[in-house]
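kindly generate the corresponding structure for this input.
(one chain, ligands or ions: 1)
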Amino acid sequence: LHYLMWFRRDLRVHDNTALAALCERANTDNAQVSAVFFLTPEQWQAHNMSLAQVDHITRTLPLLAQNLQTQLHIKLLVQVSPSFSDCIETLSDFCTTNNITCIMANHEYEGNEIARDEQLTKQLAKNDIEFIRFHDQCILPPHSITTNDDSMYQVFTPFYKKWRHTLEVSTIQIHKAATIKKHSNVDLTLSQDSANTIKEIEILGKKTTNNYQKMLQDSESLQHIDIEAQMTQAREAYPAGETDACQRLEDFIAEDIDNYDVSRDVPSLQATSQLSAYLTIGSISPRLCYLQAYKAQEKLHGNDSDNDDINRWISELAWRDFYRHVLVEKPELIRHQAYKNETDKNISWSYNTDDFAAWCRGKTGVPLVDSAMRNLNATGFMHNRLRMVTAMFLTKDLLIDWRLGERYFMQQLIDGDFASNNGGWQWSASTGTDSAPYFRIMNPFSQASTHDANGEFIKTWLPELKDIPTSILHSEEKLRKALSKGGKFVNIDYPLPMVEHKTARQLAIAEFKK
Ligand code: FAD
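Predicted coordinates for the structure are as follows:
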């Protein structure tokens, strides 16, 4: 007997639900096990995946192959299959050639992924091959947190209360995969574009990243970005693999979590966990994150479960679950529809290309927005507070369709993730879940004064503003005056704020009221 583990967004050995189940069954049935991962560049491009994320995946694969081999005696085959339909063909041929009778994988919740899995299930069934999937991406699986009448929560807070309560009264399991007893003797070659030794996987990964970079080179929305430099920055900030991810979690819990509630909103401090890039590709399990935080809470605060810092961090993990649950409940989100349907019909979004380009390039004349956008363009990451500020600026001050911003973020972010990104954008645009009412519009100048009080973040990313006192940078009126004719900083090469926030806010409110 021969079984197959299909890795997707779960690039780890520890606490991988499908992997643990497959190993258990293989040992019971005395079956051998192989594993496969598909590199799907055309599909990635169609999903606007950033080069930084592709690079993160390809850097992770050799480490995954090594862990699988040394810990479980499983060989990983990495195969280039440009699109999902190619994967279906390749997988079914591979199963028939190698007498594989069972594939296991973890669920993915996006539209094309679901369609691919459904098609594959049908195809495999013709040859009596099982395809079994498990919920693994969330701490608590979709459909498990519902209202008393069994429907999905529309807003986060009651969802969170039920989610926390459920976790407190139940034990969540960490799945440990058992070493495979029957070693594989199968030669796992698929085609020229495949690799099955660690060295080959590394080479194929690099080649795929380079090819992907070439595929993106004509992409109009990336013309102002040095994506190679962005990838290099992201590479330095995010060493690949589950060992590094687990170490980062441990360090964050030991050193930073105790100040999280206060520091998490200060972008210059880097006081958040920076685990999202790993969670997105599955190098670390969200359940492990929750359990470690929960243990820290017990250790540090005993029965005082009201510790704001740890609770706050756990609530961020719950946001991640929430947006996945929402996506499963409302699959039309994947087809670019607003969560609140009426906003699609009634809001006249702007598609002004100059305005959008100014936002993308960090040239709006609003220092917090521009520093955040240039930081994103340079590093492939943006702090959560700044994601909210820049998203609100685009959708409220410029009234530009949130879908343009959503796509732009996906193209840049190393942690780009459909559910969280779509959720964050729709929250900011007031078209989504949650109770952020449309008239609560962030003022990017007062946000700067609260969250970048000494201007450190702004001045790091906009060095041309280094001589302007922070009190001026934090006031639209003073900044306008200082940069205008006769102003003290008229010679600085930095644009005037492109809109007056007060007026833009009124226009947005009027549009939403409609
Ligand atoms: P921490 O503060 O340490 O939080 C721990 C983990 O909780 C994060 O790694 C992440 O997995 C999860 N989390 C935290 N905040 C949120 C949130 N608001 N929504 C969902 N999950 C959350 N997150 C992504 O992972 N991918 C995205 O593509 C993405 N796009 C976003 C777009 C917008 C407009 C907004 C407002 C938010 C977006 N977020 C996204 C959520 C959030 O900004 C990032 O998860 C966070 O900044 C990652 O940093 P961290 O790992 O240090 O987070």
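
how about the strands in this protein?
With DSSP state E as the criterion, the chain has strands at 2-7, 32-39, 75-80, 100-106, 130-134, 194-195.

redo those strands as JSON lines? Include mean pLDDT, mean neighbour count and distance to the ligand.
To be clear about C-beta, it is placed using only N, CA and C from the backbone, and glycine gets the same treatment. As requested, those are exported to JSON lines (pLDDT from 0 to 100; neighbours: other CB atoms under 10 Å; distance: least, CB to the nearest ligand atom, whole Å):
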{"stretch": "strand 2-7", "mean pLDDT": "97", "mean neighbour count": "23", "distance to the ligand": "19"}
{"stretch": "strand 32-39", "mean pLDDT": "96", "mean neighbour count": "24", "distance to the ligand": "21"}
{"stretch": "strand 75-80", "mean pLDDT": "95", "mean neighbour count": "23", "distance to the ligand": "24"}
{"stretch": "strand 100-106", "mean pLDDT": "97", "mean neighbour count": "22", "distance to the ligand": "16"}
{"stretch": "strand 130-134", "mean pLDDT": "98", "mean neighbour count": "17", "distance to the ligand": "20"}
{"stretch": "strand 194-195", "mean pLDDT": "93", "mean neighbour count": "24", "distance to the ligand": "29"}
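
isn't Phe381 up against Glu236?
No. Judged on CB atoms under 8 Å, Phe381 makes no contact with Glu236 at a distance of 11.4 Å.

among those two, which residue is more densely surrounded?
Using other CB atoms under 10 Å as the criterion, Phe381 and Glu236 rank with Phe381 on top: 23 against 9.

contact partners for the residue in the chain positioned nearest to the ligand?
Nearest residue of the chain to the ligand (CB to the nearest ligand atom) works out as Gly424 at 2.4 Å. By CB atoms under 8 Å, 6 or more residues apart in numbering, the contact list for Gly424 reads 323, 387-388, 391.

export these as JSON lines, with columns for pLDDT.
As requested, the contacts of Gly424 are exported to JSON lines (pLDDT from 0 to 100):
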{"residue": "Tyr323", "pLDDT": "97"}
{"residue": "Arg387", "pLDDT": "98"}
{"residue": "Met388", "pLDDT": "97"}
{"residue": "Ala391", "pLDDT": "98"}
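
hmm, back to that, tell me the pLDDT of the residue of the chain closest to the ligand.
pLDDT for Gly424: 96.

distance of it from Asp354?
Taking CB to CB, to the nearest Å as the criterion, Gly424 is separated from Asp354 by 25 Å.

how about Val54?
Taking CB to CB as the measure, Val54 falls 30 Å from Asp354.

next: Glu477.
Taking CB to CB, one finds Glu477 at 24 Å from Asp354.

which of those two has more residues huddled nearby?
Using other CB under 10 Å as the criterion, Glu477 and Asp354 rank with Glu477 on top: 12 against 8.

what sits against the more buried one?
Applying CB under 8 Å, 6+ apart, no residues qualify as near Glu477.

got a pLDDT number for it?
For Glu477, the model assigns a pLDDT of 98.

Asp187 too?
Looking at Asp187, the pLDDT reads 68.

now swap in Gln192 and tell me
73.

likewise for Lys295?
Looking at Lys295, its pLDDT is 91.

count of residues packed around it?
Around Lys295 there are 12 residues (other CB under 10 Å).

excluding chain neighbours, what is closest to Gly205?
Spatial nearest neighbour of Gly205, chain neighbours left out: Thr58 (3.2 Å); criterion: CB to CB, 6 or more residues apart in numbering.

let me see the contact set for that neighbour.
Taking CB under 8 Å, 6+ apart, we find Thr58 in contact with 39, 205-206, 208-209.

let's see it at 10 Å
37, 39, 78, 201-202, 204-210, 212, 240 (CB atoms under 10 Å, 6 or more residues apart in numbering).

and these, which two are the farthest apart?
Largest separation among those by CB to CB: Phe37 and Asn210, giving 18.1 Å.

got a list of what Gln447 touches?
Gln447 sits in contact with 265, 366, 368-369, 385-386, 388-389, 392-393, 474, where contact means CB under 10 Å, 6+ apart.

Ser428 versus the closest residue to Val369 other than its chain neighbours, what's the distance?
Excluding the flanking residues, the one nearest Val369 by CB to CB, 6+ apart is Phe393, at 4.9 Å. To Ser428, Phe393 is 9 Å away according to CB to CB.

which neighbours do these two share?
Counting by CB under 10 Å, 6+ apart, the residues touching both Phe393 and Ser428 are 405, 441-442.

which of those fall in helices?
Mapping the shared contacts of Phe393 and Ser428 onto helices (DSSP state H) picks out Gly405.

select from the shared contacts of Phe393 and Ser428 the one having the most neighbours.
Going by other CB under 10 Å, Gly405 tops these with 26 neighbours.

what sits against the nearest residue to that residue once chain neighbours are set aside?
Among residues not flanking Gly405 along the chain, Leu394 sits closest, at 4.6 Å (CB to CB, 6+ apart). Going by CB under 10 Å, 6+ apart, Leu394 touches 350, 355-356, 359-360, 364, 369, 373, 400-402, 404-406, 408, 425, 428-429.

now swap in Ile468 and tell me
By CB under 10 Å, 6+ apart, the residues touching Ile468 are 367, 455, 458-459, 462, 478-479, 482-483, 488-489, 492, 494.

what about the residues you listed, which one has the most neighbours?
Pro367 (29 neighbours).

please tell me how far it sits from Gln173.
48 Å.

would you mind naming what in this protein lies close to the ligand?
264, 272-276, 279-280, 316-317, 319-320, 323, 383-384, 387-388, 391, 409, 413, 415-417, 420-421, 423-425, 428 (CB under 6 Å from any ligand atom).

any of the residues you listed buried? List them.
264, 272-276, 279-280, 316-317, 319-320, 323, 383, 387-388, 391, 409, 413, 415-417, 420-421, 423-425, 428 (16 or more other CB atoms under 10 Å).

which of these fall in helices?
Residues of these located in helices (DSSP H): 276, 279-280, 316-317, 319-320, 323, 387-388, 391, 409, 420-421, 423-425, 428.

what sits against the residue nearest to Val369?
Phe393 neighbours (CB under 10 Å, 6+ apart): 359, 364, 366, 368-370, 372-373, 400, 405, 428, 441-444, 447, 498-499, 501, 504.

which of those fall within helices?
Counting by DSSP H, the contacts of Phe393 contribute 359, 368-370, 372-373, 405, 428, 444, 447, 501, 504 to helices.

need the worst-confidence member of those.
Among those, pLDDT bottoms out at Ser428, giving 94.

surely that one touches Leu386?
No. Ser428 is not in contact with Leu386 according to CB atoms under 10 Å; the separation is 11.4 Å.

need the pLDDT of Ser305.
Note for Ser305: predicted pLDDT of 61.

do Glu168 as well
89.

tally of neighbours for it?
Around Glu168 there are 9 residues (other CB under 10 Å).

and Arg59, by the same measure?
For Arg59, the neighbour count with other CB under 10 Å is 18.

now it: closest residue in space, sequence neighbours ignored.
Ala240 (3.7 Å).
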